[in-house]
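Enquirer: with the sequence up front, the predicted model follows.
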Amino acid sequence: MFDLGNTLIKFDHNISAEKIAALSGLDTGKIYDIFFDSEITKDFEKGLIPPEEFHKRAASLIGFKMSYKDFAKIWNDIFWEDEGSCALARELKGSYRLFLLSNVNKLHFEYIRNKFDIIGIFDEIILSYELGSVKPERAIYDNVIKRAGGKKEGILYIDDREDLIKEAQMLGIESVRYEGADKLRETMKVRGIL
């Protein structure tokens, strides 16, 4: 089971914050905090508000005027593929059931699915905005276990965030922190996965 952001697909929120700052004349740090470390963003990742409402609330909080279409383009243009981890995931396809587990909002995921073909290799896709639950909440991990046939045994979870790995481990899910494709490849060789 792979995490998406900064595991398979790299991102940098500063890219969109800087573009909006340049267009609006507002402070990049303030924009970053409102977009990526705020309650409205958490609600968006949980699917509690639709993309258009997120745009409206963000514009109101920051005080900028931008069409939804222009906003969506800037909001989404922050991603690139981690070639090493995607190659590894593709190698595993066919030998293992592959799951994707991500805290992600609808706008970002639809953009990623259309831009990066790696999404198509997954047998199960578990997204926070569809479930109304984000990692490390228990409900999202319970959903994974249910989709895996009700058993934790046999699941290997890969994520770049240590706090999310620890939470999964406390629930009895075997987990590995993603620290680069080469290290993950070695870990999988040691565990007999590759």
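Expert: Okay, I see it.
Enquirer: so which elements touch the helix or strand of the chain with the lowest mean pLDDT?
Expert: Ranking every helix and strand in the chain by mean pLDDT, DSSP states H and E puts helix 28-36 at the bottom, with a mean of 84. Counting contacts by 3 or more C-beta pairs under 8 Å, 6 or more residues apart in numbering; DSSP states H and E, helix 28-36 packs against helix 13-24, helix 39-45, helix 51-62. All C-beta spots, glycine's among them, are computed from the backbone N, C-alpha and C.
Enquirer: for it, buried residues please.
Expert: 31, 32, 34, 35 (16 or more other C-beta atoms under 10 Å).
Enquirer: contacts for that helix next, please.
Expert: For helix 28-36, the external contacting residues (C-beta atoms under 8 Å, 6 or more residues apart in numbering) are 13-14, 16-18, 20-21, 24, 40-41, 58, 61-62, 75.
Enquirer: next, format the residues you listed as a markdown table and append pLDDT, neighbour count and distance to residue 120.
Expert: Formatted as a markdown table, the contacts of helix 28-36 follow (pLDDT from 0 to 100; neighbours: other C-beta atoms under 10 Å; distance: C-beta to C-beta, whole Å):
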| residue | pLDDT | neighbour count | distance to residue 120 |
| --- | --- | --- | --- |
| 13 | 92 | 15 | 25 |
| 14 | 93 | 15 | 29 |
| 16 | 93 | 21 | 25 |
| 17 | 92 | 23 | 30 |
| 18 | 93 | 15 | 31 |
| 20 | 89 | 23 | 31 |
| 21 | 89 | 19 | 35 |
| 24 | 82 | 15 | 36 |
| 40 | 91 | 18 | 31 |
| 41 | 90 | 19 | 27 |
| 58 | 86 | 21 | 30 |
| 61 | 83 | 15 | 36 |
| 62 | 82 | 19 | 35 |
| 75 | 93 | 24 | 23 |
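Enquirer: may I see these arranged in TSV, with distance to residue 187 as well?
Expert: Formatted as TSV, the contacts of helix 28-36 follow (distance: C-beta to C-beta, whole Å):
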residue	distance to residue 187
13	28
14	30
16	33
17	34
18	35
20	38
21	39
24	44
40	37
41	32
58	39
61	42
62	42
75	34
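Enquirer: which one of those is nearest residue 191?
Expert: Using C-beta to C-beta, residue 13 is the member of the contacts of helix 28-36 that sits closest to residue 191, with 32.7 Å.
Enquirer: separation between the closest one and residue 35?
Expert: Distance from residue 13 to residue 35, counting by C-beta to C-beta, to the nearest Å: 7 Å.
Enquirer: re earlier: TSV for the buried residues of helix 28-36, including distance to residue 187?
Expert: Putting the buried residues of helix 28-36 into TSV (distance: C-beta to C-beta, whole Å) gives the following:
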residue	distance to residue 187
31	37
32	33
34	37
35	34
